[in-house]
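>>> Provided below for reference: sequence and predicted model.
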Amino acid sequence: VTLLADVVAVNQKAHSVKLRGPEGRMVDLKVPDPEQLKLVKKGDQVQAVYTEALALKVEPAQASTGK
């Protein structure tokens with residue numbers, strides 16, 4: 001996912017930023033490079049690229065007893 005977002009918070013200890021996307025959705029992203037994290041501050045607008053994943057398990061339903 002690529003998005004243009006506003007920086008809501010920067011957490012130097014956790015190496016992360018909290019971003020608000022164009023539809024108001026909030027996302028916390030890890031920033032592995034501490035030097036890049038130093039360049040970002042609250043109120044900045046950034047372009048972020050990240051991957052979303054979804055895990056799902058499908059199982060057959062239990063047979064009903066008909067009572």
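Right, received. Where do you want to start? Since the structure is predicted, the reported quantities are computational estimates derived from the model, not experimental observations.
>>> Any figure for the gap between Pro34 and Val7?
To Val7, Pro34 is 16 Å away according to C-beta to C-beta, to the nearest Å. Yep, even glycine has a C-beta here, placed from its N, CA and C like the rest.
>>> ok, these two, which is more surrounded?
Regarding Pro34 and Val7, a neighbour count based on other C-beta atoms under 10 Å identifies Val7 as having more, with 17 against 9.
>>> Check which helices and strands the helix or strand encompassing the more buried one sits against.
Taking DSSP states H and E as the definition, one finds Val7 inside strand 2-11. Packing partners of strand 2-11 (3 or more C-beta pairs under 8 Å, 6 or more residues apart in numbering; DSSP states H and E): strand 16-20, strand 26-30, strand 45-49.
>>> Now the most centrally placed residue in the chain: closest residue in space that isn't a chain neighbour?
Within the chain, one residue has its C-alpha closest to the average C-alpha position: by C-alpha atoms, centre = their mean, that is Val27, at 3.5 Å. Spatial nearest neighbour of Val27, excluding adjacent residues (C-beta to C-beta, 6 or more residues apart in numbering): Leu19 at 5.0 Å.
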